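Q: sharing a model prediction with you, sequence too.
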Amino acid sequence: MKNIAILGSTGSIGKNALEVVRRFPGEFRVVAISANSNIDLLSRQMREFHPKLVCVIDRAASLALRSKAGRGVRVLSEEAGLLELCRDKRVDTVLVSISGSQALLPLVTAIQHGKDIALANKEALVMAGSIIMELAARKNVRIIPIDSEQSAIWQCLEGEDKSRLRKIYLTASGGPFRKTKAKDLKNISVEKVLRHPRWKMGRKITVDSATLMNKGLELLEAMFLFDVPADKIKVLVHPEAVIHSMVEFVDGVVMAQLSATDMRIPIQYALSWPRRLEHSAQYLDFARLRALHFEEPNFKKFPCLGLAYRAAREMGTYPAVLNAANEVCVEEFLKRNLGFTSIPKVVERVLDKHRFIKKPDLEGIQEADSWARRSAYRLITRMD
Ligand code: MG
């Protein structure tokens, strides 16, 4: 029996993770869950899964939940509560599915306390990948990715000699605007961006998918997870999203991982690894698929991808700065304070202005992160 903590249990990945747990009651037990403020769903999850620890980031909401919680449940709040949950002795694996940079400290805390990690958040790794991977190695902690592309690469590399790897093909659906003309992107609405053709996901990642920054963040994520330089990772647009990524070895052999576009598949594998459990959701039907298509990504139409490659080649504090500037741009875009095509413009100006540190510690990364946020806000307010 594996005891799991789910950070972000009311989000899209969190809910899917609970469905996986529901399918295998003899394999996994939920001992802790957390959410920002959605206590209605959280209390339903508490009634079904009986976790020992619950954390609500919003303090007022946590007090409201505390009055409803039954005996034997501790309700914690704010970031301190979340960190306490990550340290708890009863937890074996922490599934990190909160979005954005707020996952960084919980993730580091969980690793410091020897918890295995099932990682759905990409921003923390993008910000502090070298520090996180070094710490995980020192603590003998495994970080198993949930992101479908990273899960695919992880599966293709299993049992292989990594020094024989020639290239990683990081596949991308191309987002909702693959066929939209560049000139029509300028006035694209928030509603249009939030309608993604393949995956139903949270708002931040849906906007990132539309700008292709999501693929850029995945490029950085893959570099850290698999210790591969940027020039060995090639982004390939594959609209059907059936191949979740591929690896090519020096002898010309390519291994690909294929499955239905269902997030429960990589979530389940991250929790059950190295075993495969039988599930009844969806199996691929190749005769119905008929064809798979591939094309080069359009760097001109989607400058965010090129900016991510730039940060990936420079490293140091650049990835953290890219990520922070992008987080601010996405928030401001969702508030209708920034146009869709201005997102890469602001991120680029922030990268240009940044005085980078080659080998930052966690504090240096957090400083670069706050500097980039301030700097992006300033640029955005000056724009209107
Ligand atoms: Mg992905």
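A: Done, it's in.

Q: off-centre distance for the host helix or strand of residue 32?
A: If you go by DSSP states H and E, residue 32 is part of strand 28-35. The chain centroid and the centroid of strand 28-35 are separated by 19 Å under CA atoms, centre = their mean, to the nearest Å.

Q: give me the next element, helix or strand, following that strand.
A: Assignment by DSSP H and E places the next element after strand 28-35 at helix 39-49.

Q: now do the helices in the stretch 101-250 of the chain.
A: 104-112, 123-138, 148-157, 190-193, 203-211, 213-226 (DSSP state H, counting those that start in this stretch).

Q: so how far is residue 46 from the residue of the chain positioned farthest from its centre?
A: Most distant residue from the mean C-alpha position of the chain: residue 71, 34.1 Å away (CA atoms, centre = their mean). Residue 71 sits 12 Å away from residue 46, going by CB to CB, to the nearest Å. C-betas here are computed from N, CA, C, even on glycine.

Q: and what of residue 116?
A: 24 Å.

Q: any idea what the nearest residue to residue 153 once chain neighbours are set aside is bridged to?
A: Of all residues not flanking residue 153 in the chain, residue 245 sits nearest, at 5.0 Å (CB to CB, 6 or more residues apart in numbering). Residues in a beta bridge with residue 245, per DSSP bridges, are residue 257.

Q: these two touch, right, residue 245 and residue 172?
A: No: shown here, residue 245 and residue 172 do not form a contact pair, counting by CB atoms under 8 Å, at 9.5 Å.

Q: still on that earlier bit, which other helices and strands contact the strand holding residue 32?
A: Using 3 or more CB pairs under 8 Å, 6 or more residues apart in numbering; DSSP states H and E, the elements in contact with strand 28-35 are strand 2-7, helix 12-23, helix 39-49, strand 53-56, helix 78-87.

Q: the ion: which of these is closest?
A: The ion lies closest to helix 12-23 among the helices and strands packed on strand 28-35, at 10.8 Å (CB to the ion).

Q: run the angle between the closest one and helix 203-211 for me.
A: 110 degrees (axes from the mean of the first three to the mean of the last three CA atoms, to 10 degrees).

Q: what does helix 12-23 contact?
A: The contact list for helix 12-23, computed with CB atoms under 8 Å, 6 or more residues apart in numbering, reads 4, 6-9, 28-30, 33, 35, 45, 48-49, 95, 97, 118, 120, 146, 200-202, 263-264, 267-268, 271, 279.
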